[in-house]
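Engineer: requesting a structural model of the entry that follows:
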Amino acid sequence: MDLLIRPFKPKDYPEVAKIYQAGIDTQIATFETEAPVFEAWDLRFCKACRLVAEVDHKIAGWAALSLVSKREVYRGVAEVTVYVAP
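Structural biologist: Okay, here's the model as predicted:
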């Protein structure tokens, strides 16, 4: 098994969305009901902190940070989101 952690690329989103939807379908991962279109997902997560995990050249999971608040007092504080394919 070859594992590679690398930066997310926009072309990865279809596979990321499938993994996200699988988590959503469990009804315990998030309050979301469907994976958003890329543009909405792109706005939600910090662009500098997005990763995908590849196992044998296939995306098996992803992680991203989202800001907790835009208030100055929370600068640098983020929520971690991690999803792994079933």
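
Engineer: and the strand ranked longest in the chain, what's buried?
Structural biologist: Counting by DSSP state E, the longest strand found in the chain is strand 58-67. For strand 58-67, a neighbour-count test (16 or more other Cβ atoms under 10 Å) marks Ile59, Ala60, Gly61, Trp62, Ala63, Ala64, Leu65 as buried. (Glycine included, C-beta is placed from N, CA and C.)

Engineer: what does stretch 11-21 give?
Structural biologist: So stretch 11-21, judged by 16+ other Cβ under 10 Å, has buried residues Asp12, Tyr13, Glu15, Val16, Ala17, Ile19, Tyr20.

Engineer: check stretch 21-40 too.
Structural biologist: Quick answer for stretch 21-40 (16+ other Cβ under 10 Å): Gly23, Ile24, Ala35.

Engineer: okay, it in PDB with CA atoms only?
Structural biologist: Extracted C-alpha coordinates of stretch 21-40, given in PDB (Å, rounded to 0.1, in the frame of the first residue of the first chain):
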ATOM      1  CA  GLN A  21     -21.300  12.600   0.600                       C
ATOM      2  CA  ALA A  22     -20.500   9.200   2.100                       C
ATOM      3  CA  GLY A  23     -19.900  10.900   5.400                       C
ATOM      4  CA  ILE A  24     -23.100  12.900   5.100                       C
ATOM      5  CA  ASP A  25     -25.000   9.800   4.300                       C
ATOM      6  CA  THR A  26     -24.100   8.300   7.800                       C
ATOM      7  CA  GLN A  27     -26.100  11.100   9.400                       C
ATOM      8  CA  ILE A  28     -23.500  11.400  12.200                       C
ATOM      9  CA  ALA A  29     -20.700  13.300  10.500                       C
ATOM     10  CA  THR A  30     -22.400  16.700   9.800                       C
ATOM     11  CA  PHE A  31     -25.700  18.500   9.600                       C
ATOM     12  CA  GLU A  32     -25.200  18.900   5.900                       C
ATOM     13  CA  THR A  33     -27.600  16.900   3.700                       C
ATOM     14  CA  GLU A  34     -25.600  16.900   0.500                       C
ATOM     15  CA  ALA A  35     -22.100  17.800  -0.600                       C
ATOM     16  CA  PRO A  36     -22.000  21.300  -1.900                       C
ATOM     17  CA  VAL A  37     -20.900  22.300  -5.400                       C
ATOM     18  CA  PHE A  38     -17.200  23.100  -5.600                       C
ATOM     19  CA  GLU A  39     -17.700  26.900  -5.400                       C
ATOM     20  CA  ALA A  40     -19.500  26.700  -2.100                       C
END
